[in-house]
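K.L.:
sequence plus the predicted model coming up.
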Amino acid sequence: MPRKRIVAALMGDGRIGLIEQDVPELRPGAVLVEVHNSLVSPGTELGGWRGLRVQRDRPEPNARPKPFGYANAGVVLDIGGGVREFEPGDRVACMGSGYALHANYAVVPHNLCVHLPQNVTFAQGAYGHLAATALNGLRRGAPEFGEFVAVVGLGIVGQLAAQLYQLAGNYVIGWETIEFRAEIARRWGIHATALVGREDPVAATEAFTGGRGLDAAVLAFGGQADEAVAAIEQSLKRVPDGHPMGRIVALGGPKFMYTSTLTNVDVRRASRTGPGYHDEAWEYGPDYPPVLVRWSTRSNLELCIRLISEGRLDVDCLTTHIIPLED
């Protein structure tokens, strides 16, 4: 079994480098995985690519390298005590901050791993964590069949959320400021897009809904969101007295004022993958009883991998670069 591993880390000068460290102890309830692919999520892991530029402009020479990553896939090399659902040689998708790093070896709690079907590549499997994040957001939003939904922000999670909402029988319009992202969404078949800055998203959404207004909206980005929420408020369906009504799901890390005009609007936070994540006793121990917790982090992750396997969730269209770890 390997004793050392190579890990990608954020350096104090705003660059990504490699460091060598000991492979973590294989404790009971964990699996040792030889990683074949990991997924970089620039928005949350790096503060966006602009975050690296800011760090380069304001370097911290004494900052310690910071390993990062939370989504990968590979082959099980060894299992800890009490692990019964995996054995060496199994193909798995893994998730979890601090566990599923950008590294050649990872030690991951068994409930944050799921089997990877033979027709799903390791690169596809590495999308599991962000897909489960999007799926948990959909569950928090409780959509009904046939509703109109706007997904604001077509980064990785936004793209996955839009696909899942359409799979759930909703009509989806994506709001985005970057043409490249909107074009990706059009390639996989999003119902409509509105390129903010070049067109009025409120007018585009009114046309898309036939004047009925949105039933729900998903904020799939981080940072200041007051302008986006104001535009969503204008686009929601309205009761006879003129007040907006519907649901807003804060899926990324948006920050906005909850104003008095949102009286009839439900605002729901959804920033995790489902029950269990960050509950160490669950991550390393027994699963919750499915009859009581049908959709845990693990069952959400399993469903996402199944949807990829069945060709119903397209993640290949989201991959722009594949870079060897040593580079």
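P.N.:
Sure thing, it's come through.

K.L.:
packing partners for the helix or strand containing C94?
P.N.:
Taking DSSP states H and E as the criterion, the element that holds C94 is strand 91-95. Contacts defined by 3 or more CB pairs under 8 Å, 6 or more residues apart in numbering; DSSP states H and E place strand 91-95 against strand 30-38, strand 71-79, strand 105-109, strand 113-115, helix 122-125, helix 128-141, helix 297-309. In short, each C-beta sits where N, CA and C put it, glycine included.

K.L.:
which of these sits most buried?
P.N.:
helix 128-141 (a mean of 26; mean count of other CB atoms under 10 Å).

K.L.:
other SSEs contacting the following helix or strand past that helix?
P.N.:
Later in the chain than helix 128-141, the nearest helix or strand by DSSP H and E is strand 148-152. Applying 3+ CB pairs under 8 Å, 6+ apart, we find strand 148-152 packed against helix 156-167, strand 171-176, helix 201-208, strand 216-219, helix 226-235.

K.L.:
hey, C-alpha coordinates of the strand holding C94 in PDB?
P.N.:
Written as PDB, here are the backbone C-alpha positions of strand 91-95 (Å, rounded to 0.1, in the frame of the first residue of the first chain):
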ATOM      1  CA  ARG A  91     -14.500   1.300  -9.300                       C
ATOM      2  CA  VAL A  92     -16.000   4.100  -7.200                       C
ATOM      3  CA  ALA A  93     -17.000   7.700  -7.300                       C
ATOM      4  CA  CYS A  94     -16.000   9.700  -4.200                       C
ATOM      5  CA  MET A  95     -16.900  13.000  -2.600                       C
END
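
K.L.:
compute the inter-axis angle for it and strand 30-38.
P.N.:
Relative orientation of strand 91-95 versus strand 30-38 (axes from the mean of the first three to the mean of the last three CA atoms, to 10 degrees): 90 degrees.

K.L.:
could you give me the average pLDDT of strand 91-95?
P.N.:
Here the mean pLDDT over strand 91-95 is 98, rounded to a whole number.

K.L.:
partner strands of that strand, with direction?
P.N.:
Within its sheet, and counting by DSSP bridges, strand 91-95 is paired with strand 71-79 (antiparallel), strand 113-115 (antiparallel).

K.L.:
how distant is it from the center of its chain?
P.N.:
The chain centroid and the centroid of strand 91-95 are separated by 15 Å under CA atoms, centre = their mean, to the nearest Å.

K.L.:
can you get me a residue count around the nearest residue to G48 once chain neighbours are set aside?
P.N.:
Nearest residue to G48, sequence neighbours excluded (CB to CB, 6 or more residues apart in numbering): P42, at 5.8 Å. P42 sits with 14 neighbouring residues when counted by other CB atoms under 10 Å.

K.L.:
distance of P42 from A204?
P.N.:
In this structure, P42 and A204 are separated by 27 Å, where distance is defined by CB to CB, to the nearest Å.

K.L.:
what do you get for Q234?
P.N.:
When CB to CB is the yardstick, Q234 and A204 sit 12 Å from each other.

K.L.:
again with V267
P.N.:
Taken as CB to CB, the span from V267 to A204 is 23 Å.

K.L.:
name the residue in these two with the higher neighbour count.
P.N.:
It is A204, of V267 and A204, that has more neighbours when counted by other CB under 10 Å, with 19 against 13.

K.L.:
for the more buried one, give me its contacts.
P.N.:
When contacts are counted by CB atoms under 8 Å, 6 or more residues apart in numbering, A204 touches 173, 192, 194.

K.L.:
gap between the spatially closest residue to V315 that is not a sequence neighbour and D316?
P.N.:
Residue nearest to V315 in three dimensions, not counting chain neighbours: Y127, with 4.2 Å by CB to CB, 6+ apart. Distance, Y127 to D316, using CB to CB: 9 Å.
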